[in-house]
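Trainee: Provided below are the primary sequence and the corresponding predicted coordinates.
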Amino acid sequence: MNKDNIPEMVVITEDNNSTSADLWFFEEEKWQSKYISTSNPSDNHFLKTLIEESELKVTQPKWQDLNIGDLKFRVSL
């Protein structure tokens, strides 16, 4: 997902009330994870069907991060 040609895994957890996701990537000789914020404006609870129908794509963020020195500012959607 970061265009480095090294595979990452996205683990998605879905229940009746929410959907959450974590990105797993191999860095510094170990697997690490980061939480992925989720937006579900249609309140869709048929994720498995969408995956089976290959409705997967990676998109560029609408807003880029702003970096000032070591500080990073990210627009929350």
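Mentor: Perfect, thanks for sending it. As the structure is a prediction and not an experimental result, all values here were calculated from the model.

Trainee: please make it C-alpha for all contacts and neighbour counts, starting now.
Mentor: Fine.

Trainee: any idea which residue of the protein is furthest from its center?
Mentor: Here the chain has its C-alpha centre computed as a mean, and the residue farthest from that point, by CA atoms, centre = their mean, is Gly69 with 25.1 Å.

Trainee: lowest-pLDDT helix or strand in this structure?
Mentor: Across the helices and strands of the chain, mean pLDDT, DSSP states H and E gives its lowest value to helix 47-52, namely a mean of 85.

Trainee: which residues are contacting stretch 2-18?
Mentor: Taking CA atoms under 8 Å, 6 or more residues apart in numbering as the criterion, the residues outside stretch 2-18 that touch it are Met1, Thr19, Ser20, Ala21, Asp22, Leu23, Trp24, Phe25, Phe26, His45, Leu47.

Trainee: let's see it at 10 Å
Mentor: Taking CA atoms under 10 Å, 6 or more residues apart in numbering as the criterion, the residues outside stretch 2-18 that touch it are 1, 19-26, 31, 33-36, 38, 40, 43-48, 58.
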